[in-house]
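>>> Pasting a predicted model and its sequence here:
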Amino acid sequence: MSAVNRQVRLARRPVGEVRDEDWEQVVEPVGVPGPGQFLGRTRYVSLDPAMRGWLDDRPSYLPPVGIGEVMRAGSVVEVVASEHPEFRPGDHVVGAFGVQDYVVSDGKGALRVDPSLAPLSTYLGALGMPGMTAYFGLLEVGALKEGETVVVSGAAGAVGTMVGQIARVKGCRVVGIAGGAEKCALLTGELGFDAAIDYRSEDVRKALRTHAPDGIDVYFDNVGGAILDAALTRLAMRARVVVCGAISQYNNETAVQGPSNYLSLLVRRARMEGFVVFDYARRYTEASREIAGWIADGRIRVKEHVVEGTVGDFPATLQMLFRGENTGKLVLRLT
């Protein structure tokens, strides 16, 4: 094969915002699959806020990306050569294959997907980790019940758009918090949220009093910081706070801002619980089947932000997440 394999590797641990010099772009020969392996060409790369945490050398639910290692990422690849009994050339496979043009894989953790049933990018979004995160975070950790009021931060992102729509499917009132009038209009228009709060131009605490007058039953937190603090002041009795992420804190060069209003949990007899979606891996098929049904009958609209580019465009595309430039699931399509 005359092609080469371009890769993005971690050159150094970032401090604060990730910079170009934190990455190394490498070109190496394309690998050859051995017995029990296949060679895949990357078609789509997933970009997720959690990536920032993977770059720090500190205890977490996954080991950090090592210096000199290919950047960890979910991706969809097309099998181009195979010595694996379960994968054939032409198959499309989703897995944690990293930011590179080609991958040699033994198939562990890989899942064959059907592009005739959904666009390939959707297997990284609504039918991928963001969809699973929204589904299990809201329904299992959040223990959602019909008629409740749900507030979700980062509501125009990959997870947030799904959380709000699943809550609507389940018969709940949904308030989204997002940045900018355009995103808020999307939430209340196309995606069917009952209300949206623009944290850039509104007093979030005051707006929550208006849009959740009886309190918040489930707060799904994707951002942390001041917005989490504001939500804690509006909890209903026996509320559940689902800690999914804290994108407002990921680039901090100082200590993470913790919630100062945590005593609301005591007063309202509420609970705050974090979770990692991998804990529900055995139930992904169940969730995917139900989400696919909601998409098919029009109750959920898939929102994706697809950037066309090359492996070399990964560092710049990743920064879109932290500048709030994406709406829905951010994906890099390799052209």
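Perfect, I can see it now. Numbering: from 1, shown residues only.

>>> and residue 269, what is it in contact with?
237, 238 (CB atoms under 8 Å, 6 or more residues apart in numbering). C-betas here are computed from N, CA, C, even on glycine.

>>> hmm, try it at 6 Å
By CB atoms under 6 Å, 6 or more residues apart in numbering, the residues touching residue 269 are residue 238.

>>> Quick one, grab the pLDDT at it.
Listed pLDDT for residue 269 reads 97.

>>> Same question for residue 3.
pLDDT for residue 3: 87.

>>> For burial, what's the neighbour tally of it?
Counted with other CB atoms under 10 Å, the neighbours of residue 3 add up to 11.

>>> How about residue 206?
11.

>>> can you confirm it is in a helix?
Yes. Per DSSP: H, G, I helix; E, B strand; the rest coil, residue 206 lies within a helix segment.

>>> Would you mind listing the residues in contact with residue 219?
151, 231, 241.

>>> what's the residue nearest to the spatial centre of the chain in contact with, if anything?
Geometric centre of the chain, nearest residue: residue 130, 4.3 Å, by CA atoms, centre = their mean. Neighbouring residues of residue 130 by CB under 6 Å, 6+ apart: 158, 159, 329.

>>> Try it again at 7 Å.
158, 159, 162, 329 (CB atoms under 7 Å, 6 or more residues apart in numbering).

>>> before we move on, what about residue 184?
Residues in contact with residue 184 (CB under 7 Å, 6+ apart) are 178, 196, 198.

>>> for residue 216, same thing?
Residue 216 sits next to 149, 151, 231, 234, 235, 236, 239 when contact means CB under 7 Å, 6+ apart.

>>> same question, residue 316
Taking CB under 7 Å, 6+ apart, we find residue 316 in contact with no residue.

>>> Looking at it now. What's its pLDDT?
Looking at residue 316, the pLDDT reads 97.

>>> Repeat that for the one 5 residues further on.
Predicted confidence (pLDDT) at residue 321: the value is 93.

>>> what does the one 4 residues further on give?
According to the per-residue confidence, residue 325 scores 93 in pLDDT.

>>> and the gap between it and residue 217?
Per CB to CB, to the nearest Å, residue 325 is found 31 Å from residue 217.

>>> cool, residue 237 as well?
As judged by CB to CB, residue 237 and residue 217 stand 9 Å apart.

>>> So between the two, which is more surrounded?
residue 217 (24 against 11).

>>> Am I right that that one is in contact with residue 236?
Yes. The criterion here is CB atoms under 7 Å, and residue 217 meets it with residue 236 at 5.1 Å.

>>> which residue packs closest to residue 309, ignoring adjacent ones?
Spatial nearest neighbour of residue 309, excluding adjacent residues (CB to CB, 6 or more residues apart in numbering): residue 332 at 5.9 Å.

>>> That neighbour bridge partners, please.
Residue 332 has the following beta-bridge partners by DSSP bridges: residue 45, residue 307.

>>> ok, how many other residues are close to it?
With neighbours defined by other CB under 10 Å, the count for residue 332 comes to 27.

>>> Over to residue 333?
For residue 333, the tally of surrounding residues (other CB under 10 Å) stands at 16.

>>> how about it, what does it touch?
Neighbouring residues of residue 333 by CB under 7 Å, 6+ apart: 44, 306, 307, 308.

>>> Per-residue pLDDT of it, please?
At residue 333, pLDDT is 98.

>>> ok, now how distant is it from residue 119?
10 Å.

>>> And for residue 126?
10 Å.

>>> Out of those two, name the residue with the larger neighbour count.
residue 126 (30 against 17).

>>> surely that one meets residue 304?
No. Applying CB under 7 Å as the test, residue 126 and residue 304 come out as separate, 8.2 Å apart.

>>> need the helices for this structure, in chain order.
Here the chain has its helices, by DSSP state H, at 50-54, 129-136, 158-169, 181-188, 204-211, 225-232, 263-267, 284-296, 314-322.

>>> what's the closest of those to residue 5?
For the helices of the chain, distance to residue 5 was read as CB to CB. The smallest value, 14.1 Å, belongs to helix 314-322.

>>> for that closest one, the distance to its chain's centre please.
Distance, stretch centre to chain centre, for helix 314-322: 14 Å (CA atoms, centre = their mean, to the nearest Å).

>>> please renumber so the chain begins at 833
Yep, numbering from 833; the last one is helix 1146-1154 now.

>>> quick one, that helix and helix 990-1001 angle?
With axes from the mean of the first three to the mean of the last three CA atoms, to 10 degrees as the basis, helix 1146-1154 and helix 990-1001 are set at 40 degrees to each other.

>>> Cool, thanks, signing off.
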